[in-house]
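Asks: No letters, just coordinates:
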């Protein structure tokens with residue numbers, strides 16, 4: 001990756017914009033997971049049995065992940081040809097619009113089968129937006145930082161994930177505790193979605209105040225003298241970087257699986273099977289997400305000293321070892337042990353997730369970096385992330401035991417461990 005030495009003020013402004021924009025974007029994406037577990041089954045699939053309604057609701061959740069690789073393909077190409085910033089701005093605006101419209105959507109009781117169809121369409125647009133957004137924000141951050149700060153800079157995009165979960169849980173806790181169940185089911189669930197309008201000022205700030213990355217600007221200068229170079233970055237990424245794309249996707253399997261089990265699967269499992277209060281389980285998820293934020297930042301910074309692979313290997317081994325203790329603790333029905341289970345799993349996941357932004361970018365040449373990194377990241381989303389709540393629900397229904405879900409988490413950790421062991425170390429610190 002090309003080295004740059006930006007002004008500290010410029011980099012700090014970019015990191016702040018990246019953190020805020022990423023946090024609100026992921027808030028928009030994740031509040032859907034909470035609603036899919038708590039309210040969508042009854043509102044959009046009222047004729048189905050509770051289990052089938054939950055499976056259908058989680059299937060619409062999965063639609064967003066099916067769309068994410070499309071966003072990665074389209075906006076990866078846009079980002080490599082026209083700039084990281086324009087791709088990011090379009091994706092953020094698309095996400096805000098789709099989420100706001102979900103908050104206005106009629107339910108099945110009003111328009112029948114049209115309601116779930118519109119829900120899937122808007123969820124699909126959310127997926128396209130977040131599929132393109134990730135590459136834009138992390139490349140703006142990592143390509144604008146020097147080699148000795150690239151891992152840390154990338155975490156300001158990554159930390160948006162737990163912050164988004166935290167904000168989403170706060171929104172739903174506030175809604176459920178300040179109104180009756182009838183009011184929440186009628187209109188209160190819409191409030192967190194309508195709050196996505198707060199993303200539009202962030203979009204305007206990035207458009208007006210943030211420059212594209214120095215790496216992209218240098219690449220544009222080279223193209224001016226050699227216009228035949230990398231005119232089809234998406235095609236080139238698929239032709240020459242298939243191995244790194246596939247193994248890069250494998251890097252995300254364990255982290256994504258345990259994360260979505262924690263924020264969506266356990267929420268449904270704890271409230272329906274274990275009989276715990278919705279607000280209490282949301283609070284556990286909220287507190288657990290808070291712990292992940294400093295771990296992501298620390299892991300990214302530490303990867304600037306030790307390299308990317310050692311942190312990813314350590315986190316993956318942690319998730320592998322924790323797969324069975326995780327559900328043994330959840331099954332106690334104790335909120336304290338549930339917090340321990342999700343927090344320890346989240347710490348291990350964050351050790352992987354922190355350095356991933358810099359690592360995936362460094363695996364690809366600048367001309368195909370947006371396309372390659374986005375494809376790797378979003379391929380994992382369609383294979384693992386969106387399907388995890390559905391797989392967990394199906395496994396529990398088929399086996400009647402959470403041990404089957406632990407075995408699934410173990411398998412995902414094995415895939416990630418094999419992937420990182422087959423990839424090279426990319427971090428090359430600058431001499432100072």
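Replies: Received it, and whenever you're ready, just let me know what you need. Model, not experiment: these values are computed from the prediction.
Asks: now the stretch 151-300 of the chain, which segments are flagged as low pLDDT?
Replies: Low-confidence segments of the stretch 151-300 of the chain (pLDDT under 70): 223-235, 238.
Asks: quick one, phi psi at residue 331?
Replies: As for residue 331, its main-chain torsions (degrees, to the nearest 10) stand at phi -70, psi -10.
Asks: what are the ranges of the helices in the stretch 51-200 of the chain?
Replies: Applying DSSP state H, counting those that start in this stretch to the stretch 51-200 of the chain gives helices spanning 84-102, 108-111, 114-142, 150-158, 160-177, 181-183, 190-194, 199-209.
Asks: Could you check how far residue 70 is from residue 43?
Replies: 27 Å (CB to CB, to the nearest Å). (C-beta placed from N, C-alpha, C; glycine too.)
Asks: meant to ask about residue 399, not that
Replies: The gap separating residue 399 from residue 43 is 29 Å, by CB to CB.
Asks: Residue 352 too?
Replies: Using CB to CB, residue 352 is found at 35 Å from residue 43.
Asks: Please say which of residue 70 and residue 43 ends up with more neighbours.
Replies: Set residue 70 next to residue 43 and count neighbours by other CB atoms under 10 Å: residue 43 wins out with 23 against 16.
Asks: Let's verify that one: helix, strand, or coil?
Replies: Here residue 43 is helix, with the state taken from DSSP: H, G, I helix; E, B strand; the rest coil.
Asks: So it is in contact with residue 108, correct?
Replies: Yes - Residue 43 lies in contact with residue 108 (CB atoms under 8 Å); the separation is 6.7 Å.
Asks: Report the set of residues contacting both of these two.
Replies: Taking CB atoms under 8 Å, 6 or more residues apart in numbering as the criterion, residue 43 and residue 108 both touch residue 115.
Asks: circling back to that earlier point, could the helices of the stretch 51-200 of the chain go into CSV alongside mean neighbour count and distance to residue 275?
Replies: Below are the helices of the stretch 51-200 of the chain laid out as CSV (neighbours: other CB atoms under 10 Å; distance: least, CB to CB, whole Å):
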stretch, mean neighbour count, distance to residue 275
helix 84-102, 23, 29
helix 108-111, 13, 27
helix 114-142, 25, 28
helix 150-158, 30, 35
helix 160-177, 22, 17
helix 181-183, 11, 16
helix 190-194, 19, 25
helix 199-209, 16, 36
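Asks: Nearest to residue 407, out of the ones you listed?
Replies: With CB to CB, the closest approach to residue 407 among the helices of the stretch 51-200 of the chain belongs to helix 160-177: 25.1 Å.
Asks: From the contact counts, what lies against that closest one?
Replies: For helix 160-177, the elements it packs on are helix 8-38, helix 190-194, helix 278-306, helix 335-362, judged by 3 or more CB pairs under 8 Å, 6 or more residues apart in numbering; DSSP states H and E.
Asks: Return the most buried member of those.
Replies: Burial of the helices and strands packed on helix 160-177 is given as mean neighbour count (mean count of other CB atoms under 10 Å); helix 335-362 ranks first at a mean of 25.
Asks: Compute the number of surrounding residues for residue 222.
Replies: Other residues close to residue 222 by other CB under 10 Å number 13.
Asks: make that residue 272, sorry
Replies: Using other CB under 10 Å, the number of residues around residue 272 comes to 15.
Asks: if I look at residue 115, how far off is residue 259?
Replies: Going from residue 115 to residue 259 by CB to CB gives 29 Å.
Asks: ok, back up a step: would a markdown table of the helices of the stretch 51-200 of the chain with distance to residue 376 be doable?
Replies: Listed next are the helices of the stretch 51-200 of the chain as a markdown table, based on distance: least, CB to CB, whole Å:
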| stretch | distance to residue 376 |
| --- | --- |
| helix 84-102 | 16 |
| helix 108-111 | 37 |
| helix 114-142 | 10 |
| helix 150-158 | 14 |
| helix 160-177 | 17 |
| helix 181-183 | 42 |
| helix 190-194 | 30 |
| helix 199-209 | 24 |
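Asks: Tell me which of those helices approaches residue 406 most closely.
Replies: Proximity to residue 406 (CB to CB) singles out helix 160-177 among the helices of the stretch 51-200 of the chain, at 21.9 Å.
Asks: Show me what the closest one is in contact with.
Replies: With CB under 8 Å, 6+ apart, helix 160-177 has contacts from 18-19, 21-31, 33-35, 38, 137, 184, 188-189, 191-192, 195, 259, 263, 278-279, 282-283, 285-286, 289-290, 292-293, 296, 346, 350, 353.
Asks: pretty sure residue 150 is touching residue 142, no?
Replies: Yes - between residue 150 and residue 142 there is a contact under CB under 8 Å: 4.8 Å.
Asks: Regarding residue 212, what is its secondary structure?
Replies: coil.
Asks: so what's it up against?
Replies: Going by CB under 8 Å, 6+ apart, residue 212 touches 83, 84, 85, 140.
Asks: so what's the backbone phi/psi at it?
Replies: Per degrees, to the nearest 10, the backbone of residue 212 is at phi -70, psi 170.
Asks: Distance of residue 404 relative to residue 41?
Replies: According to CB to CB, residue 404 and residue 41 sit 22 Å apart.
Asks: coming back round to it: with distance to residue 329 as extra columns, can I get the helices and strands packed on helix 160-177 in CSV?
Replies: Below are the helices and strands packed on helix 160-177 laid out as CSV (distance: least, CB to CB, whole Å):
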stretch, distance to residue 329
helix 8-38, 20
helix 190-194, 29
helix 278-306, 11
helix 335-362, 4
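Asks: For residue 249, find the nearest of the ones you listed.
Replies: Of all the helices and strands packed on helix 160-177, it is helix 335-362 that lies closest to residue 249, at 9.6 Å by CB to CB.
Asks: which one of residue 404 and residue 41 has more residues nearby?
Replies: residue 41 (23 against 17).
Asks: who touches that one in this structure?
Replies: 48, 50, 53, 54, 56, 57.
Asks: Could you state which residue of the protein sits nearest its centroid?
Replies: Centroid-nearest residue in the chain: residue 161, 5.7 Å away (criterion: CA atoms, centre = their mean).
Asks: Quick check: it vs residue 249, distance?
Replies: 17 Å.
Asks: burial of residue 49, as a residue count?
Replies: Neighbours around residue 49, by other CB under 10 Å: 10.
Asks: pLDDT score for it?
Replies: In this model, residue 49 is scored at 84, pLDDT.
Asks: what sits up against stretch 288-299?
Replies: With CB under 8 Å, 6+ apart, stretch 288-299 has contacts from 152, 155, 158-159, 161-163, 165-166, 169, 262-263, 311, 315, 339, 342-343, 346-347, 349-355.
Asks: So residue 426: helix, strand or coil?
Replies: Under three-state DSSP, residue 426 falls in the coil class.
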